[in-house]
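In: coords below, sequence missing:
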């Protein structure tokens, strides 16, 4: 039986009288590519924010399995604690440091996990210099992995939309995650960029061993990538299964697949 990396158990999230997540239960297995789909306002981004500690649901539990096999309750943890436990994410809208180069953006992610402290940074002893060399090497390695090695010194705001999406993935990987949450990674990309993105996402899982949780409106991309899907509608899970099962599910077709949805979640 596969080890679960995330277990969401009867989670409810309210904002005043509005229920954003309604008794949501799901699991994500280590090493899989899992997708969350649903129409606008279904609660997909609220789920991501709950998984990363940004939102605090009022009911239920979210459990993250750590690399050593122990577990950590996510609800109540600060986002930086969840990140340090091995959870990285990208966002619907690009959150690059637009005035910095591609290299500097990834280096920030690599530096965030060095843990040398203020004193170590000021004294710049042997361990500090070693850690800095390691983060430099990691940055170069990740830029090469996502195909941006030739754009390392390019200001990120001048990159194409597809390149910025790949840069965001590189920056997320720089934090050495065990699971990467991708929020609308294909938004704004053209068909060629979508194909390159799909290939990159598979390589992240296959070559780096990072589990992938994906929100995406492009159904062709989702169905080609995901091994399992959960469908949200009005904050509730209405279906779960393999791509072929989801395609044939009449409840899903009525709620989502039979409509055209292109706006943000």
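Out: Structure's in. What do you need? As the structure is a computational prediction, the values presented were derived from the model and not from experiment.
In: from here on, just use CA atoms for contacts and neighbour counts.
Out: OK.
In: which stretches of the stretch 101-250 of the chain form helices?
Out: With DSSP state H, counting those that start in this stretch as the criterion, the stretch 101-250 of the chain has helices at 102-111, 117-123, 126-145, 161-173, 191-208, 219-225, 243-248, 250-252.
In: comparing these by mean pLDDT, which bottoms out?
Out: With a mean of 43, helix 117-123 has the lowest mean pLDDT of the helices of the stretch 101-250 of the chain.
In: residue 142: what's it in contact with?
Out: The neighbours of residue 142, taking Cα atoms under 8 Å, 6 or more residues apart in numbering as the test, are 106, 170, 173-174.
In: hmm, try it at 10 Å
Out: 103, 106-107, 110, 148-149, 167, 169-174 (Cα atoms under 10 Å, 6 or more residues apart in numbering).
In: returning to what we had before: and the helices of the stretch 101-250 of the chain: which comes nearest residue 24?
Out: Of all the helices of the stretch 101-250 of the chain, it is helix 250-252 that lies closest to residue 24, at 16.4 Å by Cα to Cα.
In: buried residues in that closest one?
Out: Using 16 or more other Cα atoms under 10 Å as the test for burial, helix 250-252 gives residue 252.
In: cool, and stretch 236-256?
Out: Buried residues in stretch 236-256, defined by neighbour count with 16+ other Cα under 10 Å: 236-240, 243, 246, 249, 252, 255-256.
In: wait, which of the residues you listed is closest to residue 68?
Out: Of all the buried residues of stretch 236-256, residue 68 sits closest to residue 240, with 28.5 Å by Cα to Cα.
In: the closest one reaches residue 28, doesn't it?
Out: No. Taking Cα atoms under 10 Å as the definition, residue 240 is not a contact partner of residue 28, at 11.6 Å.
In: could you tell me which residues touch both of the two?
Out: Residues within reach of residue 240 and of residue 28 at once, by Cα under 10 Å, 6+ apart, are 35, 228-229.
In: in a markdown table: those residues, plus distance to residue 96 and neighbour count.
Out: As requested, these are arranged in a markdown table below (distance: Cα to Cα, whole Å; neighbours: other Cα atoms under 10 Å):
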| residue | distance to residue 96 | neighbour count |
| --- | --- | --- |
| 35 | 24 | 24 |
| 228 | 30 | 21 |
| 229 | 29 | 24 |
